[in-house]
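Chemist: Have a look; sequence and predicted model below, questions after that.
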Amino acid sequence: MEDSQKDIQKDIQINSASEKEFSVDEVMVTHGPLKIFIDFKNTVPLMDMGKQRLSIRHQVCILDPFLAKDFLRVLKENLEKYEKQFGEIKKPESLVRLEKELKKQGNQTLKKQSYFG
């Protein structure tokens with residue numbers, strides 16, 4: 001039995017390099033009865049032959065509820081450590097100005113979006 005365990009251990013490879021970094025602009029979280037879906041969205045403006053267009057890519061992470069809850073705990077701990085080291089995380093001033101401008105234009109309550117970013 002020990003020989004078969006050694007063979008199995010020899011076949012395990014750990015690759016710590018990620019395929020490609022993915023910058024996230026927006027995130028949507030939804031769920032079904034058995035899984036939590038986290039959809040990371042990246043939007044990049046492109047200029048192609050004088051036309052401006054957007055390239056939108058999605059990277060979806062699917063977690064079981066237990067792992068999602070544990071991820072939330074770890075994220076919360078890391079955000080607390082970040083704020084302790086670097087200060088409170090605040091909404092960017094440009095977004096605050098945009099929200100104020102939208103309110104001036106008569107949009108008293110900003111619509112809650114399923115994406116945030």
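Modeler: That came in fine, so what should we check first?
Chemist: what's the helix or strand for the closest residue to R53 other than its chain neighbours?
Modeler: Leaving aside its chain neighbours, R53 sits nearest to L46 (5.4 Å; criterion: CB to CB, 6 or more residues apart in numbering). To be clear about C-beta, it is placed using only N, CA and C from the backbone, and glycine gets the same treatment. Take DSSP states H and E as the rule and L46 turns out to sit in strand 36-48.
Chemist: neighbouring contacts of that strand?
Modeler: 22-31, 52-65, 68, 115, 117 (CB atoms under 8 Å, 6 or more residues apart in numbering).
Chemist: Now do the same contact list for F66.
Modeler: Counting by CB under 8 Å, 6+ apart, F66 touches no other residue.
Chemist: you'd agree it is in a strand?
Modeler: No. Using DSSP: H, G, I helix; E, B strand; the rest coil, the assignment for F66 is helix, not a strand.
Chemist: From Q85, how far off is it?
Modeler: Remark: distance between F66 and Q85 (CB to CB, to the nearest Å) = 29 Å.
Chemist: that older thread, of the contacts of strand 36-48, buried ones?
Modeler: E26, M28, L63, A68 (16 or more other CB atoms under 10 Å).
Chemist: and which of those is nearest K104?
Modeler: E26 (24.6 Å; CB to CB).
Chemist: hmm, back to that, got the angle for whichever helix or strand comes after the strand holding L46 vs strand 36-48?
Modeler: Once the chain leaves strand 36-48, the next helix or strand it forms, by DSSP H and E, is strand 51-63. Strand 51-63 and strand 36-48 meet at an angle of 160 degrees, taking axes from the mean of the first three to the mean of the last three CA atoms, to 10 degrees as the criterion.
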